[in-house]
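Undergrad: Sharing a model that was predicted from the sequence below.
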Amino acid sequence: MSGHSKWSTIKHKKGREDAKRGKLFAKLSRYITVAAKEGGGNPEMNAALAAAIAKAKDYNMPTDNIDRAVKRGTGEIEGVVYEQMTYEGYGPDGIAVLVELMTDNKNRTAAEIRHIFTRFNGKLGTSGSVAWMFERLGIILVPKGDTDEDTMLDMALEAGATDMNSEDDIYEIITEPTELMDVRKGLEEKGLVPNSAELSMIPKNATELDSDQARRVLKFIDALEENDDVQEVYTNLDIPEELLIELSQ
């Protein structure tokens, strides 16, 4: 999972910029609405909803927006009905790709995603074609501050985490999906303030590309993420260190 926390941090910063334009808030609202629809509107009884709300708060989404999204999911206020979809396939240079979507028009979305894959010389696959390469985990990013690595690992494990990575100024705390919010709460009770906490699909093995190839993949990812129906894009790309440094500046 080397380098994952650096890329997550960069994406988090990018997400804050998207939030200023309102685009990310629209996607987060869908995430909350669908979670509330499927598991009920009480985050204490609905782990997916709790995670969705926590992610929205990490990006400073207004409380009123969150409440409305929950109520649309529970049917208290009228709203568009969204369906969850997942596309799998290969992007530029053979990189495995998982795309999670929420849409109110499956035919439109299918055509748009197929077009993006084709434009970047990618190839859509069948269900399960690349999903086996990924593992769903909870990922919590915590600034290092004055906490040394051994102390942080002890606190993370005590809170229920399964592992931890250390990257530059960030600790990446890894949890089982169902334990994400409990571990976050445990860390907060110890006085730690996470940058983010969310469920993610982590590649079991990453594929290394050179900087030019990685840039092609990132342009492909950007094109997918520009689609309003796309919630998350996961790949098994191991981004070269020099490119990570460039992106973080």
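TA: On my side now, so go ahead.

Undergrad: quick check: domain ranges of the protein?
TA: Residue ranges for the domains of the chain, per automatic domain parsing: 4-74, 83-132+206-248, 133-203.

Undergrad: Including mean pLDDT and mean neighbour count, could those domains go into CSV?
TA: For every residue, glycine as well, the C-beta is placed using N, CA and C. As requested, the domains of the chain are exported to CSV (pLDDT from 0 to 100; neighbours: other C-beta atoms under 10 Å):
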stretch, mean pLDDT, mean neighbour count
domain 4-74, 84, 18
domain 83-132+206-248, 91, 17
domain 133-203, 91, 17
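
Undergrad: Find the nearest non-adjacent residue to the most centrally placed residue in the chain, please.
TA: What sits nearest the mean C-alpha location of the chain, by C-alpha atoms, centre = their mean, is Ser200, with 5.0 Å. Take Ser200 and drop its neighbours on the chain: the residue closest to it by C-beta to C-beta, 6 or more residues apart in numbering is Ile139, 4.9 Å away.

Undergrad: isn't there a helix covering that neighbour?
TA: No - using DSSP: H, G, I helix; E, B strand; the rest coil, the assignment for Ile139 is strand, not a helix.

Undergrad: can you give me the strands for the protein?
TA: 83-90, 96-103, 123-124, 134-143, 163-167, 170-175, 196-203, 207-208, 230-235, 237-238 (DSSP state E).

Undergrad: What pairs with the fourth one, parallel or antiparallel?
TA: Spelled out, that is strand 134-143. Sheet partners assigned to strand 134-143 using DSSP bridges are listed as strand 170-175 (antiparallel), strand 196-203 (antiparallel).

Undergrad: got it, and the first one?
TA: Within its sheet, and counting by DSSP bridges, strand 83-90 is paired with strand 96-103 (antiparallel), strand 123-124 (antiparallel).

Undergrad: Next, count neighbours for Ile77.
TA: Neighbour count for Ile77, taken as other C-beta atoms under 10 Å: 12.

Undergrad: My read is that Thr235 contacts Met201, right?
TA: No - counting by C-beta atoms under 8 Å, Thr235 stays clear of Met201, with 9.4 Å between them.

Undergrad: between the two, what contacts are shared?
TA: Here Thr235 and Met201 share the contacting residues Leu98, scored by C-beta atoms under 8 Å, 6 or more residues apart in numbering.

Undergrad: just so I have it, where are all the helices in this structure?
TA: Here the chain has its helices, by DSSP state H, at 4-20, 23-39, 47-58, 63-74, 106-119, 149-159, 180-189, 211-226, 241-248.
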